[in-house]
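Peer 1: Pasting the sequence and the predicted model now:
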Amino acid sequence: MTSHGLETTPGGLSVSERVSRTLVAIGLLPVLLILIVVVVALVEPRFTGLNNVLNILRQTSFLAIVACGQMLVLIIGGFDLSVGAVVALTSTVMAKTMAALSAVMPGDVGMVIFLGVMAGLGSGAAIGLINGACVAFLRISPFMVTLGTLWIATGIGLILTNGIPVYGMPDEFVKQFGRALWFPGLFSERGIPATFYVAILIVALVWMVQRKTLLGRYIYAIGGNQQAAMVSGVSTTVCIISTYVLCSVLASTGGILATARLGSGQATMGGDLLMLQSIAAAVIGGVSLRGGIGRAEMVALSALFLSVLTNSMNLLRIDSKMQVVVLGIVLIAAVALDELGKRKQQRD
Amino acid sequence: MNELVEPPEVRASASSMKDAAGLLLEMRGISKRFPGVLALDQVDFDVRQGEVHVLFGENGAGKSTLINVIAGTYPQDGGSYHYDGAAVRGLTPHKARLMGISPVFQEFSLVPDLTVEENLFLGRERRRWGFLKAGAMRKRAAEVVSELGFDLDPKAKVRSLSRAHQQMAEIAKALMADVRLLILDEPTASLTESETYRLFELIGKLKGEGVGIIYVSHRMREIKQLADRITVLRDGRLIKTLGAEGVTENELVELMTGRKIEVLFPKIDHQPGDTLLQVSGLTTGNHSVEGVDFSARAGEVTGVAGLVGCGKSELIRAVYGVEPIHAGSITVAGEAYPHPAPSRSLQKGICYFPSDRVVEGLALSRPVRENASMAALNLEQFVKNKLLQRTSEKRIIQEIVDKLRLRPPNIERVVANLSGGNRQKVMLARGLTRKTSIFLFDEPTVGIDVGAKVEVYELMKQLVEAGAAIVLVSSELPEVLNLANRVYVMHRAHMVAELTGEDISEQNVLASFFEGDQQLAAKVQQQAGAGV
Amino acid sequence: MTDAAKASGLDTAKPTRQVILAQLLLPIALVVMFLGFAVVEPKVVSLGNINNILTQASYLFIFSCAQMVVIITRGFDLSIGTNVSAVSVLIALVMTGMVGPEGEGMFWAVSLGILTGLGFGLSVGLFNGVVVSWLRVNPFVTTLGSLNICLGVASMASDGRPVFHVPRAFSEIAYSGSILGIDLPILYAAGIGILLFFMLRNTVLGRALYILGSNPRAAEVAGLPRRRYLTMAYVICAVLAAVGALLLTARTGSGEPNLGGGLRLVGESIAAAVIGGVSLRGGVGGVQSVVIGALFITVLSNGMNLTRVDGYIQMIVLGAVLVAAIFLDRIRTQRI
């Protein structure tokens, strides 16, 4: 019975086969994440320090929200290169609006914040609408459309600010939200970043949309087989447009959180790097670039993974330039492993 | 001119007026044009309540275009569409479903990464405020599946199902809503006898409930069993609508093809010679072929018959090297041929013509010339020192294309603009660009018109009579029965029969499916017995 | 006979006029745009400016040609931007490091610098090609990964600062010289264009790239070695990008870690190719498409510069024109 050269268990499966099957079932990502956390925590005690953990959570929140939007678009079989530019646009539009309104109605801080946030989300939604309409009605390749809106949104952001940071947002917005720790004593003595609660809420919402709502079901259906969805009576144009708008609004939300933390509106926020990170997070989280597959919780986990990875490298004093290289390799390796696994499954 | 000659038209509409009460669908003068093709040309068609109306015609005759117009997938370019006595305009698939029109297409309208249950409700999910009522849908899906008596797991992902099970899911999906007009496009192509039997029972029941059924098929047996009326289409035109009673097979085939059956299939003079291809114990990587023995000889057409998805395509694909092989051996002209790969197969004189010319045959955006010379880019006539010999390429391809009577004979045209028949000729040209002794045809006449079909058969005749070995894999039984000298029958991945001479008949082929099932059942029992 | 008549009537006779019109659409738009700018600002048509346009277009043309080779195979290459940055830094380092204080060893320094640049491009291309074809990783993810890797190389090698004092001799052979009054960059671009045209039209590789892009499955069934040709496409792309990087570095006179800046260069190179008619669905397009596309984008930004359109607004216009052009192209290909 040991002709395979491997120990065989009563079930007829070798140990290595069992391990690989379990890995396939839960995915490599959680295992890797835990591994990194354990190793780095042992090597570098600062890693588990409260400040560092809070830092990781902030980074994760921001990336997870944007990546969730990207994920939805990828599932429906599209692409959104404009998320980074939308973050920048939101940041400038919101900051400008708040600054202007603060001058007009200095007493009414709540209203100023509300209108500012709405203006920010609105600008994002507008870009999403353009993206969605071009893809759904004009049937232009999503890659090219969002490349176009990437330039358009960046251009508008730069015109609004002339490239200079916009100050003048209400203090309350920055101190009580952007940089605040909420609910002290619940998870830690000082609390946890407000942005993290927002991110949890948003990921949960996206999860619910995916699992429990018609739109979520249709996004999967259209990405999996657009022709089938259309023949089955799914109004594909409405769904595609909604998805792009949703993606941009999520990117906007990310922009609002980042701006609130930073305390100023910046036209250089987000940018190409964030767009690339959001796609990387989605792809490492198991979203297929061919559409039809992907889950919010995995993408959030993958955002956490990327943030932990970056943070660990910082703590271990790995040159930030080298870090970029590591990220590139991790991305390719993740997808290559996934692809190999799929091919092996098909063969079995 | 024709429009002015009214009398027959009037009579037809008068007679339809008479039983207008039961008329569910009435279409007059329907036309549909695609780039380069007039797919439907002034077609009249109607369906009464509680009848099975068979649509009959070859692939490419316009049947699927017509049902797609009925189901709202394609808007018609001309003609009138009445449903339940009311004119219908701007039909979409969604509206059609609301009206009770449920199509079951051949290319499935299923999403592979969703579960059966999710697919059943696709487009009409139960919901409140945009939220899905998963529990209610789960219950209903289980009910429907058990009502139909299908052996289907509602929680399974569609991707993981066999073709037969996907077909069942597709049928179940069509029956989820309140159906008034059911469209079935060759539903039995991949079903076994017993599954087909269940489906026919179901059709009988629906008929009793007054549902109108459009049934697309070209299997005589089914037509005899089910049809109330038959409409024959050819080249996008309505040939005739006739009552099913007393119709003979030959009459239908002649209506369908527009020529006598003797003319359709050429008489091939088989001169079996050496065994060029010998396959033993072949099992493919995905087990769609299991332990198959098979051989092909020079100078004869070897046919392989079987249901869609029985593994017959995979058999020749494995020989050519596009399907992974798990076990077994292949011998070509007496020499062992381990680990086949397309480039080496071509060098050994084996050429494979895929059934799906769009997916794996042709580079649609490239000209005829490039498509025809694609498999011969390592020959000196075409390439010297890695440089293309464009002049000589043009000359050779032009000659071949002229011989195959490509119309128009322009080798610089982009293949996407060619009709199905012409596309197949471009594929065939590929086999003539180099010395080929074993031709593997996978469903060679799918989607091509009768004229081109006859030309393909003629070419096979020439090739065989010149000493080539041809393997013809086809789901069109008449094709295999009339052209092959020996017929293999495959069923559920196994080779269940080899028929020669007088034994080659529809009856025997069908019988061997049944025997195959029994043999398999016996084998399973044996294994189970051995295990205990 | 009737079949033949029907087929030919439907297939060929009708679209020819439309096809010709569609093919001419972009050149006409280009000329109209050029004349439009000329009316607003007469300087646009000056000989100096035309030379200027051609020189600028040369660089874009080379990058866009690189991009075209992979787009034809249904891929694209996001890494050419940071590849350019890395090459620029590396050659500058090699050249400045090898030349003595009095300019001795100039020949070897420049030659070795050029070889280093091309070698780096080659290895990036090889990496992309192998990952895409052997590991079957999506081109987007692959080149996104190598984008990061090249970015790391560029900033690590230069420590984020420009490398000054690239030898003048290098600039002379790659930028400032001219032959028969034509500037060198234009000549290099023309040379590359002619080579690539020949490669695509007359070699097995060129033919294989088109077929691979048009239908990868069909190429495999026809026995074409898919992986080898696909890898070669990425290699050609990255090497051409490296050549472009050499020329750009010769112009700036220093190794710049941000030369290919972010996605701007990548975006413009894809845009120029696609506007010119190279299909993202693969199998369609040629050098002539890229010529038109590169000229189109260059004339647009040159005209806006001369008519003093705000730089940020230029960005918006470029985005809008890109979407519009792709849309027109989609209509055009649908007709054919």
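Peer 2: Good, I have the coordinates.

Peer 1: Close to chain A: what parts of the stretch 1-150 of chain C are there?
Peer 2: Listed as neighbours of chain A in the stretch 1-150 of chain C under the rule Cβ under 8 Å from any Cβ of the partner chain: C:76, C:131, C:135-138, C:140-142, C:144-149. No exception for glycine: its C-beta is placed from N, CA and C like everyone else's.

Peer 1: In the stretch 201-348 of chain A, what residue comes closest to chain C?
Peer 2: Residue nearest to chain C within the stretch 201-348 of chain A (Cβ to the nearest Cβ): residue A:328, separated by 3.0 Å.

Peer 1: burial measure for that residue, as a count.
Peer 2: Residue A:328 is flanked by 26 other residues according to other Cβ atoms under 10 Å in any protein chain shown.

Peer 1: quick one: it and residue C:141 touch, right?
Peer 2: No. With contact defined as Cβ atoms under 8 Å, residue A:328 does not count as touching residue C:141 (10.0 Å).

Peer 1: need the contact list for the residue of the stretch 201-348 of chain A closest to chain C.
Peer 2: Contact partners of residue A:328, counting by Cβ atoms under 8 Å, 6 or more residues apart in numbering or on different chains, are C:144-149, C:152.

Peer 1: Flag every residue of chain A that's near chain B.
Peer 2: Residues of chain A lying near chain B (Cβ under 8 Å from any Cβ): A:212-215, A:217, A:220-221, A:224-225, A:227-235, A:292-293, A:346-347.

Peer 1: Which of these fall within helices?
Peer 2: Using DSSP state H, the subset of the residues of chain A next to chain B located in helices is A:212, A:214-215, A:217, A:220-221, A:224, A:227-231, A:346-347.

Peer 1: what's the closest non-adjacent residue to residue 263?
Peer 2: As the question left the chain open, I've gone with chain A. Closest residue to residue A:263 apart from its sequence neighbours, by Cβ to Cβ, 6 or more residues apart in numbering or on different chains: residue A:174 at 4.6 Å.

Peer 1: right idea, wrong chain: chain C
Peer 2: Nearest-residue entry for residue C:263: residue A:272, 4.6 Å, with adjacent residues in sequence omitted and distances by Cβ to Cβ, 6+ apart.

Peer 1: By proximity to chain A, which residue of the stretch 51-200 of chain C wins?
Peer 2: The stretch 51-200 of chain C approaches chain A most closely through residue C:148 (3.0 Å), counting by Cβ to the nearest Cβ.

Peer 1: distance of that residue from residue C:79?
Peer 2: 9 Å (Cβ to Cβ, to the nearest Å).

Peer 1: of these two, who's got more company?
Peer 2: Between residue C:148 and residue C:79, counted using other Cβ under 10 Å, the more crowded position is residue C:79 (30 against 27).

Peer 1: Next secondary structure after whatever helix or strand residue C:58 lives in?
Peer 2: Per DSSP states H and E: residue C:58 is located in helix C:47-72. Next helix or strand after helix C:47-72 toward the C-terminus (DSSP H and E): helix C:80-98.

Peer 1: picking up where we left off before, buried ones among the residues of the stretch 1-150 of chain C next to chain A?
Peer 2: C:76, C:131, C:137-138, C:140-142, C:144-149 (16 or more other Cβ atoms under 10 Å in any protein chain shown).

Peer 1: that older thread, does the residue of the stretch 51-200 of chain C closest to chain A sit in a helix or strand, and which one?
Peer 2: For residue C:148, the host element (DSSP H and E) is helix C:139-158.

Peer 1: how many degrees apart are that helix and helix C:47-72 in direction?
Peer 2: 130 degrees (axes from the mean of the first three to the mean of the last three Cα atoms, to 10 degrees).

Peer 1: Strands of the stretch 301-450 of chain B, residue ranges please.
Peer 2: B:301-305, B:325-332, B:335-336, B:350-353, B:383-384, B:387-388, B:438-442 (DSSP state E, counting those that start in this stretch).

Peer 1: and the fourth one, which strands flank it?
Peer 2: Counting by DSSP bridges, the strands paired with strand B:350-353 are strand B:438-442 (parallel).
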